[in-house]
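> predicted model and sequence follow; I will ask about them next.
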Amino acid sequence: MPESSAAAPAPKSAPSDSTVLYAEKLWPNFWIWLVSALFSSAGILMLAPISIWAGITAAIVIFAVISVLLVLSTPSITVTRTTLKVGRATIERGFLGKVTAFRGKEATAERGTRLNGLAFLCIRGWVDPVVRIEIEDPSDRTPYWLTSTRHPEQLIAALNS
């Protein structure tokens, strides 16, 4: 059957399963960038006896490399109608159980003394709050995911919607 070149009306459908309900990037804080700049300035100290311009060039190159690595390693959290993606890991929302937020000392305990060695982690030291997402897949040995987030209440609301 030949295809028609006439425009067909778009079917009226429910929102797509790929509709993003929540999205967050765990960008480094200002102090991480400041530490990177201070660390890269060591290039000046190392090469200044040879040439001040070589030292400045080394500092710029070191800062550029650190910046690229920080940007490339920044994970994202994305919740759609059907999936949860944290960093490089993706799971169907049907396998998610109870979701709990932790702040302060409770978050430190979740990342430390209460941590299960089989848990999936996507934590960043510069983001204090964490969210624990129970996994209810009987074929998966991972008991829960623990992820850093700057907006735990919004993430929980998206996962419970």
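Received it, and whenever you're ready, just let me know what you need. Residues are numbered from 1 along each chain as shown.

> lowest confidence element among the helices and strands of this protein?
Each helix and strand of the chain was given a mean pLDDT (mean pLDDT, DSSP states H and E); the minimum falls on helix 42-47 at a mean of 86.

> buried stuff in the helix or strand that that one is followed by?
Per DSSP states H and E, the first helix or strand lying C-terminal to helix 42-47 is helix 52-72. For helix 52-72, burial by neighbour count (16 or more other C-beta atoms under 10 Å) applies to G55, A58, A59, I62, F63, I66. In short, each C-beta sits where N, CA and C put it, glycine included.

> quick check: the first one touching A42?
Okay, so that is G55. No - contact between G55 and A42 fails when scored by C-beta atoms under 8 Å: they sit 9.4 Å apart.

> pLDDT score for G125?
For G125, the pLDDT comes out at 87.

> again, but for K105
In this prediction K105 is given a pLDDT of 94.

> past the helix or strand it falls within, which element shows up next along the chain?
Element membership for K105 (DSSP H and E) is helix 104-111. Moving toward the C-terminus from helix 104-111, the first helix or strand encountered (DSSP H and E) is strand 120-122.

> where does pLDDT dip in the protein?
1-17 (pLDDT under 70).

> R132 belongs to a strand, doesn't it?
Yes - the assignment for R132 by DSSP: H, G, I helix; E, B strand; the rest coil puts it in a strand.

> distance check, it against N116.
Applying C-beta to C-beta, to the nearest Å, the value for R132 to N116 is 10 Å.

> could you tell me which residues touch both of the two?
Y144 (C-beta atoms under 8 Å, 6 or more residues apart in numbering).

> neighbour count: these two, which is higher?
Neighbour count, other C-beta atoms under 10 Å: between R132 and N116, R132 has more, with 21 against 13.

> what strand or helix carries the closest residue to that one other than its chain neighbours?
Spatial nearest neighbour of R132, excluding adjacent residues (C-beta to C-beta, 6 or more residues apart in numbering): T100 at 4.8 Å. According to DSSP H and E, T100 maps onto strand 96-102.
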